[in-house]
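Student: I need the structure of the sequence given here:
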Amino acid sequence: MLRDLLAHPGVVEKVQLEGPLGVMAIHGGIEAGTAELALQVANATGSSHYIVAQPEDLAWHIPSTRYRPDDSPALDRFLGHVRAVVSVHGFGRAPLEHTILVGGRNRTMARAVAAALRRHTDVNVVGAIAEMPKKLRGVHPSNPVNLAPSRGVQLEMSASTREPHVRRHIGDVLSQVVLRQAARLAGAP
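Tutor: This next block holds a predicted model:
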């Protein structure tokens, strides 16, 4: 599926290999603001990034678990380079307006992200896996957020948290957590 999406005219796949922590947005263009947030955090922290962006007229949603490194040399290089991942997604479900779900299999990093978002934003943050809708937890073993050696954190952001002014603030908070996590991954004190 991913191979077919990447072959579609107008679909852009971007990869930049930098630090040991990677930031992803695999539904750029169809989950508004996710690619922009991933780039903001990656640029502010010197992190690696992997982004798939679709043109406005496409809106082809491939579930995360169908993004296979075998279908994309860029995704394979990204996952082979990073040690942990933060994957940015968007969702729209009532009654979860103005909410960020902090899922993924790296629960230590997820707790750090959730705590920082609670401290420095007015967003409703759900960090307990059991409190999240099953399909938005980001814990499936074949989800690319969990394919790096130290696994990762999947942020599911409601539409209001992806509005430009809110998203930029969330990006600033997330960047501070990513810097601390990247230092840990690199073995710094």
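
Student: Tell me where the longest helix sits in the chain.
Tutor: Once the chain is assigned using DSSP state H, the helix that runs over the most residues is helix 164-185.

Student: mind listing the strands for the chain?
Tutor: Assignment of strands within the chain using DSSP state E yields the ranges 12-16, 21-28, 48-53, 84-91, 99-103, 124-126, 152-158.

Student: Would you mind measuring from the residue nearest to the spatial centre of the chain to Ala35?
Tutor: The residue lying closest to the centre of the chain (CA atoms, centre = their mean) is Ser87, at 1.5 Å. Counting by CB to CB, to the nearest Å, the gap from Ser87 to Ala35 is 12 Å. For every residue, glycine as well, the C-beta is placed using N, CA and C.

Student: in terms of contact, does Ala148 touch Asp76 like I think?
Tutor: No: Ala148 is beyond contact range of Asp76, at 11.9 Å (criterion: CB atoms under 8 Å).

Student: Neighbour count: those two, which is higher?
Tutor: A count of neighbours by other CB atoms under 10 Å puts Ala148 above the other of Ala148 and Asp76, at 23 against 15.

Student: Could you export the strands of the chain to a markdown table, including columns for mean pLDDT?
Tutor: A markdown table is the format used below for these (pLDDT from 0 to 100):
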| stretch | mean pLDDT |
| --- | --- |
| strand 12-16 | 97 |
| strand 21-28 | 97 |
| strand 48-53 | 98 |
| strand 84-91 | 97 |
| strand 99-103 | 98 |
| strand 124-126 | 98 |
| strand 152-158 | 98 |
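
Student: returning to what we had before: run through the residues that contact the residue nearest to the centre of the chain.
Tutor: Counting by CB atoms under 8 Å, 6 or more residues apart in numbering, Ser87 touches 23-26, 64, 104, 138, 143-145, 152-155.

Student: Mind doing that once more with 7 Å?
Tutor: For Ser87, the contacting residues are 24, 26, 138, 144-145, 152, 154-155, by CB atoms under 7 Å, 6 or more residues apart in numbering.

Student: Show me the beta-bridge partners of it.
Tutor: On the basis of DSSP bridges, Ser87 is bridged to Met24, Gln154.

Student: Find the least confident helix or strand in the protein, judged by mean pLDDT.
Tutor: The weakest-scoring helix or strand in the chain, judged by mean pLDDT, DSSP states H and E, is helix 164-185 (a mean of 93).

Student: which other helices and strands contact it?
Tutor: Here helix 164-185 touches strand 21-28, helix 34-45, strand 84-91, helix 107-120, going by 3 or more CB pairs under 7 Å, 6 or more residues apart in numbering; DSSP states H and E.

Student: Redo these as CSV? Include distance to Gly10.
Tutor: Listed next are these as CSV, based on distance: least, CB to CB, whole Å:
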stretch, distance to Gly10
strand 21-28, 12
helix 34-45, 14
strand 84-91, 20
helix 107-120, 32
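
Student: Out of those, which one sits most buried?
Tutor: Of all these, strand 21-28 has the most neighbours on average by mean count of other CB atoms under 10 Å, namely a mean of 29.

Student: Perfect, I'm done here.
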